[in-house]
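Q: Next one to model:
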Amino acid sequence: MKVTSLADWNCSIARTLEVVGEWWTLLILRDAFRGTRRFDDFQASLGLARSVLTARLNKLTEHGVLERRAYSEHPPRYEYHLTEKGRDLFGVIAALIRWGDQWAPIPAGPPVVFVHDTCGNITTPVLTCPHCHGEVTPANTHSQPGPGSSPALAEQSR
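A: As a prediction, the model looks like this:
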C-alpha cells in the first residue's frame, strides 16, 4: 500500500508529519527560529532549489505555521514569520538538536547551543511535567488511549 497522505490517520504523530515531516521543512523551521525571514536568506542558508523552497514555505503558510508578510510592493516581496502554532514547534526542534548532539555528534562539539535568557547559562531543554515540574522521560511515563482513540486501540489496551 502506497501512502500519499497522513492527514486522515488517527495518530497525532502521523498528522504532524503531514505538515512538518519533510527534511527541508524542519531545516526551514530551524532557520526561522534563528531569525531568518526572507526567501533569499532561506535559500542562501539551505542551498535548495527555489521551487522546493517555494513549495515548503507555501505548505507551512497554508497550515498556519508561518505567516507571510509583505515588506515590498514593487516588486512584491514577503517575509515569513513564525505564528503561535509555529513557535509551538520549538520543543520539536530542540529535541532534534538534543538528539543529534547526543547520537550524531561532530568532533568539534555542538554547532549550536541554547542560552537561557533568564539566567544567561547554556542549557539543554528537557520535557517537564506541568503539574509537578519533574522531568518527563520514557522511564517514568506511559501512554494510554485518549478520548480520540480508535476503538481498536482502546480494545488493545485492555
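
Q: Could I get the full set of strands for the protein?
A: 66-72, 77-82, 114-115, 122-123 (DSSP state E).

Q: How many neighbouring residues does the nearest residue to residue 96 once chain neighbours are set aside have?
A: What sits nearest to residue 96 in space, not counting adjacent residues and going by Cβ to Cβ, 6 or more residues apart in numbering, is residue 26, at 6.8 Å. Heads up, the C-betas are built off the backbone N, CA and C, glycines and all. By other Cβ atoms under 10 Å, the residues close to residue 26 number 16.

Q: Just the pLDDT for residue 26.
A: We have a pLDDT of 97 for residue 26.

Q: Check the gap between it and residue 100 for me.
A: Residue 26 sits at a distance of 11 Å from residue 100 (criterion: Cβ to Cβ, to the nearest Å).

Q: what do you get for residue 135?
A: Distance, residue 135 to residue 100, by Cβ to Cβ: 20 Å.

Q: which of those two has more neighbours?
A: Remark: of residue 135 and residue 100, residue 100 carries more neighbours, 14 against 11, as counted by other Cβ under 10 Å.

Q: okay, which residue is most central for the chain?
A: Closest to where the C-alpha atoms of the chain average out (Cα atoms, centre = their mean) is residue 89, at 4.2 Å.
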